[in-house]
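In: need coordinates for the following:
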Amino acid sequence: MDDDLEALKKRRLEELQRSQQDAFQQEMQERQQLEQQVQQLESMVKPIFTKEALSRYGTLKTAHPEKAIQLLVVLAQAIQQGQIKQVNDVQLKALLKQMTPAKKGITITRK
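Out: Residues are numbered from 1 along each chain as shown. Modelled structure (predicted):
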């Protein structure tokens, strides 16, 4: 009876380990695919940046990676539609400002 219980526990533990390993591998594959997509977008967008805009993009990518990816997507779409040929720092700032939602001001009135 104890042997059957131990064998069952061992089999269940192996199943759990296998499922965790499969989940980890799937997550790694998804992460690699995302990185490849970001690299493809960067290879499309980076050539149109001026030196200053490229520097600003690098800073943005370090500080806010999600926002940098959003920026790449927007610029890649604009490039594909033929709307953009070159992006300088001023244009990049304006685009980032458009992408950032306006903060609501809080006013406090005292009586």
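
In: can you tell me the SS state at residue 55?
Out: What DSSP: H, G, I helix; E, B strand; the rest coil gives for residue 55 is helix.

In: once you drop chain neighbours, what's closest to it?
Out: residue 89 (7.9 Å; Cβ to Cβ, 6 or more residues apart in numbering). Bear in mind the C-beta positions are built from the backbone N, C-alpha and C, glycine included.

In: swap in residue 69?
Out: The nearest residue in space to residue 69 (Cβ to Cβ, 6+ apart) is residue 38, at 6.1 Å.

In: same check, this time on residue 60
Out: residue 68 (4.9 Å).

In: can you list the buried residues in the helix or strand hosting that neighbour?
Out: Per DSSP states H and E, residue 68 falls inside helix 65-80. Within helix 65-80, the residues that count as buried by 16 or more other Cβ atoms under 10 Å are 68, 69, 71, 72, 74, 75, 76, 78, 79.

In: contact partners for the last one?
Out: Applying Cβ atoms under 8 Å, 6 or more residues apart in numbering to residue 79 gives the contacts 44, 45, 48.

In: how about these in TSV, adding pLDDT, secondary structure and distance to residue 103?
Out: What follows is those, written out as TSV (pLDDT from 0 to 100; DSSP: H, G, I helix; E, B strand; the rest coil; distance: Cβ to Cβ, whole Å):
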residue	pLDDT	secondary structure	distance to residue 103
44	91	helix	31
45	91	helix	27
48	92	helix	30
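
In: roughly how far does the most centrally placed residue in the chain sit from residue 35?
Out: Note on the chain: the residue nearest the mean C-alpha position is residue 66, at 4.2 Å, using Cα atoms, centre = their mean. Residue 66 is 14 Å from residue 35, where distance means Cβ to Cβ, to the nearest Å.
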